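Chemist: Let's see this in three dimensions:
(2 chains)
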Amino acid sequence: MKLTLKIWRQKNATSKGAFMTYKMDDVAPEMSFLEMLDALNKKLVEGSNEPVAFDHDCREGICGSCGMYINGHPHGPVPAVTTCLLSMRYFKDGDTVWIEPWRAKPFPVIKDLIVDRSAFDKIQSAGGFISINTGAAPEANSIVVPRKDSDNAFDSAVCIGCGACVAACKNASAMLFVSAKISQFALLPQGRVEAKERVRAMVDKMDELGFGNCSNTGACEAECPKQIKITNIARLNREFYKAF
Amino acid sequence: MGTLNSKIPDGPLSQKWTKYKASVKLVNPANKKKLEIIVIGTGLSGAGAASALGELGYSVKNFCYQDSPRRAHSVAAQGGINAAKNYQNDGDSIYRLFYDMIKGGDYRAREANVYRAAEVSNQVIDHYTALGVPFARDYGGTLDTRSFGGVQVSRTFYAKGQTGQQCLLGCYSSLNRQIKKGSVVMYPRREMLDLVIIDGKARGIIARNLITGEIERHSAHAVVLATGGYGTIYYMSTLAVNSNASAAWKAHKKGAFFANPSFLQIHPTCVPQLNQFQSKLTLMSESLRNDGRIWVPKVKGDKRPSNSIPEDERDYYLERRYPAFGNLVPRDVASRAAKERCDAGYGVGETGLAVNLDFRDSIKKQGKKAIENKYGNLFDMYKTITGIDPYEEPMMIYPAGHYTMGGLWVNYELMTTVKGLYAIGESNFSDHGANRLGASSLMQAAGDGYFILPNTISNYLADEIRVAKISTDRPEFEETEKAATWRLEKLISINGKQTASSFHKRLGKIMWDYCGMIRNEEGLKKALTLISDLKTEFWSDLKVTGTIKEMNPELEKAGRVADYIEFASLLVTDALERRESCGAHFREEFQTPDGEAQRNDEEFAYVAAWEYAGEDNPHILHKEELKFEEVEMKVRSYK
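Modeler: Numbers count the residues shown, from 1 in each chain, chains lettered A, B, ... in the order given. Below is the predicted model of the structure:
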């Protein structure tokens, strides 16, 4: 199929960016979205033009590297997939596809579609851990966790840290991201010990880094490729109130 | 370089590690802070080591090429992590786990290391659980396990089909705690370009900042490589597309021997290639073989839809050939059996390069809900990629390059042949012999990082406490940086016509065709010629856009492919030299009359450790004889 791509190009963090238009003549429906961009880049490089820079690695939807706005949706129009697993069979011959980087103040553009998400790492190192030294752990089965709690903790823990929730939110809020980690640990007895310190430290860091607050529009949940639920945010709020 | 000294402690196998720890030299807590350690990689082994070393008080610098340590490819491991807990009361023990690994590795792994890996496996599970890793649990609240290929006990701990992700995020959380404390400084988006050696010891690295393109010097008292495997040498594999062997290869060229490079595992259950632009082959966890039955039609070229082929016209070839293990035979056996059926014309799908993995019977027996609970995310992923619903139709699968048992040669302390340079996790060679059993890679990587290296590295660092912070103004840093920069400039200056990826693709095809699941002398020799021709073409027709001093993914790729082309020759040479079939290394000339691998213990019960002898000279082979004191070398049979 033939596609027209409108891609945001930006040399570096300080330069001004703009949309550029590229024509693709031979896109196969079996391709993934990133393979389609690979094909574009091959053409660009062979013609001595600079290829489009984008983050990607595992290409199976688990590392969280990839992420771009595609036709107004983080990771594109199909729910519950990352960009790398988005199949081109969802596009039609003649389509125009708009491709942009995440747009959020705490995620400055580095180049083209690549943004700096180190703010997420900073939030995690503020408190996203259980303080236990290697070698100090008790026998694993001495910690008994009801299966339901453990399953719920798992459902929160599957966040891949891609940043789609922040990009989707009109407030650039990181509440879904933060609440996923808070919930995982809040649901497990291992995490209760430091629950208060953790939630305060992570929320403080989130605010300090310029992420906005949650105003319950639910865009984050709708766009999350891992279907992290907004109920995590409710739990985050409860944990936060309890921490004072 | 002298002869190999594996430094295996004396005494009975089960006492070696205890004895070693009791007698190892220690570093005084006050001195630890003054000692700097560089760790390259943030997967289960790298992030584990960085956190554990930070907890001990060392000053750690941790590097990764991704934008965050949470992206390391351990994240993609699906099925599980083994431990000898014997929670199922099914006769498991440290000894049995050790034995299964030795046997599964086809008697080409080092006994002492394997026993130790089994020994620390239980601590790994304890530690992850304490870190809040949400492993699957039984209704009573205790941890659940499942079985995995190649064994007859249930010892695999799991978190749905995302065990690697959950374990990695556990490591990432412990790493974050140390980052907050300041004991670990994180350097993301950095690529190691070379190793700096001063007076015969690893003392630092040259790295490139992947955002600015700046070349950086980092010094330390010791360097730890936790850089993973080299499965992407096949271009398409189950690995993350940016995974590479460059750090290990650079270390090799600086004196670290490379062991058993030809031992590459081909994973039997992957989504087959669907189009010519495809960039990777997605793994479908081996755990699926617990409930899925593998089959092809009994009639050659039967192109009917799989669901309309009646029961008596289906050939469950694994159950037929290996009644004792059935669909749970080890990976190498399952992979070759699939290739054999497809080559013989029984493959399914449009290309005929696929076999069925069918859940019909399990869904009938256990219900859809039970299957969904176990494999839901894998089924979803399969459907996302292929558009086919595996609850309704069988999955189509085919083998793909996956894990590399080979790696940098290390002694019992996980030190390479370069003093002060360590290799842990998949980047070393020591624990999986010629074939890795499922769910033992997470186990080994975590064990190496959290529990083994932090104990062995003090034996070296105890003698380094008088060495002050190493200046990066030393001429050795200067020279290494100059050489690294020169190479990058050279890659850009070729200004030919072909992209790095297109060379990578061609290299991958050579490797897959001649050094993949089945190898023979003629093919391997042909591969050597083809690789050498490709190398010439690469250095005369490569096209890299942009400059060094900026973010430049094309340049990154070019450097990695250049290293892979060099490494490929060594890999093929190793495969050629090993005139036997063992584990994943199947030489056509050496098979039993019924087509099973034929080992040659008389001549090849050794680790092939290759020494780099310069650009224009052949590698020098050193042999570490494998002595089996505890187990008897037997024919590995799963029949």
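
Chemist: Not counting its neighbours along the chain, what's nearest B:Asp601?
Modeler: Using Cβ to Cβ, 6 or more residues apart in numbering or on different chains and skipping residues adjacent in sequence, the residue nearest B:Asp601 is B:Met633, 5.2 Å away. Backbone N, C-alpha and C define where each C-beta goes, glycine included.

Chemist: What ranges does chain A have for its strands?
Modeler: Secondary structure of chain A (DSSP state E): strands at A:3-9, A:18-24, A:69-70, A:73-74, A:96-100, A:109-111, A:114-115.

Chemist: any idea which of these is most buried?
Modeler: strand A:114-115 (a mean of 24; mean count of other Cβ atoms under 10 Å in any protein chain shown).

Chemist: domains of chain B?
Modeler: Domains of chain B are assigned by automatic domain parsing as B:268-402, B:482-625.

Chemist: swap that for chain A, sorry
Modeler: Split by automatic domain parsing, chain A gives A:3-108, A:117-242.

Chemist: Between these, which one is closest to B:Ala84.
Modeler: Smallest distance to B:Ala84 across the domains of chain A (Cβ to Cβ): 12.3 Å, for domain A:117-242.

Chemist: Please state the offset of that closest one from the chain centre?
Modeler: Taking Cα atoms, centre = their mean, to the nearest Å, the mean C-alpha location of domain A:117-242 is offset from the chain mean by 13 Å.

Chemist: what do you get for stretch B:507-518?
Modeler: 18 Å.

Chemist: thinking again about what came up before, switch the strands of chain A over to JSON lines; also include distance to B:Gly229 and mean pLDDT.
Modeler: What follows is these, written out as JSON lines (distance: least, Cβ to Cβ, whole Å; pLDDT from 0 to 100):
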{"stretch": "strand A:3-9", "distance to B:Gly229": "33", "mean pLDDT": "98"}
{"stretch": "strand A:18-24", "distance to B:Gly229": "34", "mean pLDDT": "98"}
{"stretch": "strand A:69-70", "distance to B:Gly229": "32", "mean pLDDT": "98"}
{"stretch": "strand A:73-74", "distance to B:Gly229": "32", "mean pLDDT": "98"}
{"stretch": "strand A:96-100", "distance to B:Gly229": "32", "mean pLDDT": "98"}
{"stretch": "strand A:109-111", "distance to B:Gly229": "28", "mean pLDDT": "98"}
{"stretch": "strand A:114-115", "distance to B:Gly229": "26", "mean pLDDT": "98"}
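
Chemist: Of all the domains of chain A, which one is nearest B:Glu489?
Modeler: With distances scored as Cβ to Cβ, the stretch of the domains of chain A nearest to B:Glu489 is domain A:3-108 (17.7 Å).

Chemist: Show the contacting residues for the residue most central in space within chain A.
Modeler: Most central in chain A under Cα atoms, centre = their mean is A:Cys162, positioned 2.0 Å from the mean C-alpha point. Each residue near A:Cys162 by Cβ atoms under 8 Å, 6 or more residues apart in numbering or on different chains is listed here: A:64-67, A:75, A:82, A:225.

Chemist: Report pLDDT for it.
Modeler: On pLDDT, A:Cys162 comes in at 98.

Chemist: Longest helix in chain B, please.
Modeler: helix B:553-577 (DSSP state H).

Chemist: starting at the chain centroid, how far to the next helix or strand after it?
Modeler: Next in sequence after helix B:553-577, counting helices and strands by DSSP states H and E, comes helix B:601-604. Computed by Cα atoms, centre = their mean, the chain-centroid distance of helix B:601-604 equals 25 Å.

Chemist: Go through helix B:601-604 and flag the buried ones.
Modeler: Across helix B:601-604, burial judged by 16 or more other Cβ atoms under 10 Å in any protein chain shown covers B:601, B:604.

Chemist: Take that helix, keep the C-alpha atoms, and write them as PDB.
Modeler: Extracted C-alpha coordinates of helix B:601-604, given in PDB (Å, rounded to 0.1, in the frame of the first residue of the first chain):
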ATOM      1  CA  ASP B 601      34.100 -37.400  24.800                       C
ATOM      2  CA  GLU B 602      37.500 -38.900  24.000                       C
ATOM      3  CA  GLU B 603      38.600 -35.900  22.000                       C
ATOM      4  CA  PHE B 604      36.200 -33.000  22.700                       C
END
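
Chemist: and the very next helix or strand once past it, what does it pack onto?
Modeler: Later in the chain than helix B:601-604, the nearest helix or strand by DSSP H and E is strand B:606-611. Strand B:606-611 sits against strand B:258-259, helix B:553-577, strand B:620-625, with contacts defined as 3 or more Cβ pairs under 8 Å, 6 or more residues apart in numbering or on different chains; DSSP states H and E.

Chemist: Chain neighbours aside, what residue packs nearest to B:Glu624?
Modeler: Counting by Cβ to Cβ, 6+ apart, the residue nearest B:Glu624 is B:Val607, at 4.1 Å.

Chemist: Just list the residues touching that neighbour, thanks.
Modeler: B:108, B:110, B:259-260, B:409, B:429, B:623-624, B:626.

Chemist: what residues does the stretch 201-350 of chain B put near chain A?
Modeler: For the stretch 201-350 of chain B, the residues in contact with chain A (Cβ under 8 Å from any Cβ of the partner chain) are B:211, B:240-242, B:274-275, B:277-280, B:282-283.

Chemist: Would you point out the most distant pair within those residues?
Modeler: It's B:Ile211 and B:Leu274 that sit farthest apart of those, by Cβ to Cβ, at 34.1 Å.

Chemist: So between these two, which is more surrounded?
Modeler: Set B:Ile211 next to B:Leu274 and count neighbours by other Cβ atoms under 10 Å in any protein chain shown: B:Leu274 wins out with 21 against 18.

Chemist: Assign that one to helix, strand or coil.
Modeler: coil (DSSP: H, G, I helix; E, B strand; the rest coil).
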